[in-house]
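> Next comes the sequence, and after it the predicted model I'd like to discuss.
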Amino acid sequence: MITSSVHGWRYLCAALFTFHFSLLTSAQQVTSPNGRLSAQAEGTTLVISYEGKKALQLEELPFASTDFSFVHHVKEDYRMLTGKRLACSNEANEYVTTLGEGIKMVLRLYNDGIAFRYDYPEAWTGSDPTVFRIPEGTRRWMEQWTDSYEGFFPLSTTYKVEPVPSFSGISKSEEGYNNRWSYPALLEPQDGLFVLLSEANIEHGQSASCLYNNKELFKVVPADRTFESPEGGWPKQGDRVNIVRNTPWRVAIIGSLADVVESTLITDVSNPSQIADPSWIQPGVVSWVYWAYNHGSNDYNIIKKYVDMAATLRLPYVLIDAEWDQMDQLPSNESKTIEDAIAYAKEQGVKPMIWYNSSVGWVDGAPTPKYRLNKPEDREKEFAWCEKMGVAGVKIDFFSGDNQMNMDYCLDLLESAARHHLLVNFHGATIPRGWQRTWPNLMSTEGVYGAEWYNNVPTFTDKAASHNATLPFTRNVIGPMDYTPCAFSDSQHPHITTHAHELALTVLFESGLQHLADKPESFLAQPQEVQDFLSHLPSVWDETRFVSGYPGESVVIARRSGSTWYIAGINGTDEEKELALPTEGILSPLTSHHSPLKISAFLDAGEHQWQILPSISQLSPTVTCRPRGGFVYVVR
């Protein structure tokens with residue numbers, strides 16, 4: 001009995017020791033404020049889970065310890081001037097752990113995703129250690145990399161995708177597949193669970209990055225560290241010294257499609273506004289000349305047409321596009337200059353904006369004016385002239401990629417423009433990475449395969465409807481998007497989306513400056529109700545709600561401006577489709593007043609025909625959309 005008791009005691013001690021040791025050595029789990037998101041380090045892998053389901057894996061992290069130390073609970077309310085909502089909240093649990101060579105990984109867990117960055121003990125000379133695993137079979141909507149970010153987000157379940165021949169910066173794996181990808185990248189790792197990868201808060205001295213893949217592993221590679229890519233494996237990494245000791249935030253928005261579409265995580269992690277008094281910043285709708293003529297603005301008489309349209313539709317802005325510096329060289333202009341065009345716009349109560357070539361991307365053979373913004377002293381002189389003339393903003397075009405030079409240049413442009421009270425639209429440029437919070441004079445950025453491509457290639461015609469139904473889940477999630485929507489007539493290549501589809505894009509696509517694509521005679525030929533809709537179209541939203549849809553198939557979004565809801569939806573397919581409308585909860589701020597709702601409806605009656613209902617009594621639970629069709633409801 002004594003021997004038996006001794007053996008039992010030894011067994012119990014051994015079991016307790018093993019249990020205690022397993023507690024000490026098991027991976028620590030850290031969570032978001034609401035507990036829905038968690039992160040756990042396992043060996044060299046960081047596993048991110050959402051409500052217990054694996055959402056994302058970071059691989060090959062050189063953890064010195066798998067423990068994360070709690071730093072603090074981030075809680076900050078801030079206001080935006082543009083975007084999905086005006087009142088935003090930055091709330092997260094922040095943790096830190098150590099990687100090899102003294103590198104700190106700062107990890108924030110939000111209720112709708114994660115953000116992480118690396119803090120270096122000295123000037124950063126190495127590569128970014130981030131590697132995402134995207135398993136084969138995962139549904140994904142990813143754009144092949146090109147420096148203009150003008151491509152489609154086709155649905156795929158594999159990395160084995162042929163490269164687009166016309167794209168700049170093509171990189172192939174040893175298997176011959178594309179292996180360089182743009183942000184944002186949308187994944188569906190589990191049915192109904194989505195992850196959107198991007199980055200935020202690019203600062204002076206940093207470059208932006210993209211993703212290179214080696215089969216299932218996708219590595220974050222900063223632009224300034226990319227050298228010739230070998231056949232297979234990662235691209236070669238340079239040893240360029242960064243002047244800052246931290247990376248930008250790597251961001252993964254995680255949850256349902258509503259969590260993704262409604263998220264403000266990109267601006268949450270970005271630096272606060274650097275403009276002390278932003279009262280001069282006024283978003284708005286813009287009449288825009290390029291789409292109809294595939295040309296700039298050297299014709300004074302055409303500019304007058306667009307000014308007159310803006311005045312008739314009560315749009316606040318007109319954009320005077322490229323080649324305005326050559327206006328007096330056109331005989332039909334009778335020596336009119338840009339000064340005359342600006343004066344005419346102001347006389348009609350329309351605020352003019354003008355175009356510049358950045359002169360760092362497409363320069364030879366590109367339109368003018370060139371080389372006016374590159375040197376600080378020239379930039380200040382030019383922007384001071386704009387301010388003096390009454391120019392409200394500038395559109396700056398043709399940048400040359402994501403390297404540090406371009407990032408620094410963009411930040412310098414924003415700062416200088418703010419000093420002279422100028423709004424900014426970056427065109428032919430990188431995607432938003434949170435600058436719209438730091439410099440709220442940044443109204444919009446192209447970085448999207450938009451409607452201007454009806455001018456260039458026939459490809460857009462057949463794919464536009466599906467592409468349009470993908471953008472609210474991908475590119476437009478991360479910031480304002482200068483798609484230049486809404487055309488009822490055709491440009492060089494026809495469009496086969498319906499009238500109501502086109503009108504819906506003005507609500508579905510968020511942009512602080514919403515450039516309307518079509519020509520004046522087309523807009524002014526539309527029913528008065530459509531003209532009135534454009535006259536009252538907000539470009540600032542108090543609130544945004546995702547209602548229904550799936551990438552590439554359909555989307556319905558409700559946006560609130562004051563006490564008015566705009567509910568817009570499109571069908572991205574070639575078949576008739578039923579789209580779900582919002583529940584009572586979305587309209588609760590209106591229905592709680594117990595007063596009858598005033599509802600106007602813009603629907604399709606045919607391929608390019610309107611069904612306009614100025615007043616209906618209530619919303620039905622669904623709306624039937626024609627192939628490539630759409631709708632808009634305005635609810636007051």
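In hand now; what should we look at? This structure is a prediction, so every number in the text was calculated from the model and none was measured.
> quick one, strands of the stretch 501-636 of the chain?
Assigned by DSSP state E, counting those that start in this stretch, the stretch 501-636 of the chain shows strands spanning 513-516, 543-550, 554-561, 564-571, 577-580, 599-606, 609-616, 622-625, 630-635.
> One more: the stretch 151-300 of the chain?
Secondary structure of the stretch 151-300 of the chain (DSSP E, counting those that start in this stretch): strands located at 155-156, 180-181, 185-190, 193-200, 209-214, 217-222, 249-255, 284-288.
> export these to JSON lines and tack on mean neighbour count?
To be clear about C-beta, it is placed using only N, CA and C from the backbone, and glycine gets the same treatment. Shown next, in JSON lines, are the strands of the stretch 151-300 of the chain (neighbours: other CB atoms under 10 Å):
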{"stretch": "strand 155-156", "mean neighbour count": "15"}
{"stretch": "strand 180-181", "mean neighbour count": "22"}
{"stretch": "strand 185-190", "mean neighbour count": "21"}
{"stretch": "strand 193-200", "mean neighbour count": "25"}
{"stretch": "strand 209-214", "mean neighbour count": "22"}
{"stretch": "strand 217-222", "mean neighbour count": "22"}
{"stretch": "strand 249-255", "mean neighbour count": "26"}
{"stretch": "strand 284-288", "mean neighbour count": "26"}
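> Among the ones you listed, which comes closest to residue 442?
With distances scored as CB to CB, the stretch of the strands of the stretch 151-300 of the chain nearest to residue 442 is strand 193-200 (13.6 Å).
> helices or strands next to the closest one in the packing?
Under the contact criterion of 3 or more CB pairs under 8 Å, 6 or more residues apart in numbering; DSSP states H and E, strand 193-200 touches strand 53-58, strand 185-190, strand 249-255, helix 257-262, helix 265-268.
> looking at the strands of the stretch 501-636 of the chain, which is buried most?
Scoring the strands of the stretch 501-636 of the chain by mean neighbour count under mean count of other CB atoms under 10 Å gives strand 513-516 as the most buried, with a mean of 28.
> Enumerate residues external to that one that contact any of its residues.
With CB atoms under 8 Å, 6 or more residues apart in numbering as the test, strand 513-516 has contacts from 283-288, 315, 317, 319, 353, 393, 423, 425, 443-444, 480, 482, 484-486, 506, 523, 534, 537, 539.
> same thing but 6 Å
In this structure, residues lying in contact with strand 513-516 by CB atoms under 6 Å, 6 or more residues apart in numbering are 285, 286, 288, 425, 443, 444, 484, 486, 539.
> and if you look at stretch 308-325?
With contacts defined as CB under 6 Å, 6+ apart, stretch 308-325 is touched by 284-290, 296-298, 303, 306-307, 338, 341, 345, 348, 350-355, 367-369, 520, 531, 534-535.
> buried stuff in that stretch?
Neighbour-count burial for stretch 308-325, with 16 or more other CB atoms under 10 Å as criterion, is recorded at 308-311, 313, 315-325.
> could you point out which element follows the lowest-mean-pLDDT helix or strand in the chain?
Counting by mean pLDDT, DSSP states H and E, the chain has its least confident helix or strand at helix 2-25, which shows a mean of 36. Elements were assigned by DSSP states H and E; along the chain past helix 2-25, the next helix or strand is strand 29-31.
> pLDDT on that following strand, on average?
What strand 29-31 shows for mean pLDDT is 97.
> cool, and stretch 281-291?
In this model, stretch 281-291 has a mean pLDDT of 96.
> rewinding a little: got CSV for the contacts of strand 513-516, with distance to residue 31 too?
Output for those, formatted as CSV (distance: CB to CB, whole Å):
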residue, distance to residue 31
285, 43
286, 44
288, 47
425, 40
443, 37
444, 36
484, 42
486, 44
539, 37
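> if you skip the residues just before and after it, what's nearest to residue 187?
The spatial neighbour of residue 187 that comes closest, neighbours along the chain excluded (CB to CB, 6 or more residues apart in numbering), is residue 195 at 4.5 Å.
> ok, now how distant is the one you found from residue 184?
10 Å (CB to CB, to the nearest Å).
> okay, and for the stretch 451-600 of the chain, where does confidence drop off?
583-585, 587-595 (pLDDT under 70).
> Just the helices from it, written as ranges.
With DSSP state H, counting those that start in this stretch as the definition, the stretch 451-600 of the chain shows helices at residue ranges 459-468, 499-508, 520-523, 528-535, 588-591.
> go on, the stretch 251-400 of the chain?
For the stretch 251-400 of the chain, the helices identified by DSSP H, counting those that start in this stretch occupy 257-262, 265-268, 290-293, 300-313, 338-347, 376-389, in order along the chain.
> Could you tell me the least trusted of these?
For the helices of the stretch 251-400 of the chain, the stretch scoring lowest in mean pLDDT is helix 290-293; its value is a mean of 91.
> got the contact list for that helix?
321, 491, 517, 519.
> Which of the residues in it are classified as buried?
Of the residues in helix 290-293, those scored as buried under the neighbour-count criterion (16+ other CB under 10 Å) are 290, 291, 292.
> Just the closest of these to residue 618, please.
Lowest distance from residue 618 to these (CB to CB) belongs to residue 291, with 37.1 Å.
> returning to what we had before: mind checking the strands of the stretch 151-300 of the chain for the one nearest to residue 36?
Closest of these to residue 36 is strand 249-255, at 7.6 Å (criterion: CB to CB).
> Just want the angle from that closest one to strand 185-190.
Relative orientation of strand 249-255 with respect to strand 185-190: 40 degrees, computed using axes from the mean of the first three to the mean of the last three CA atoms, to 10 degrees.
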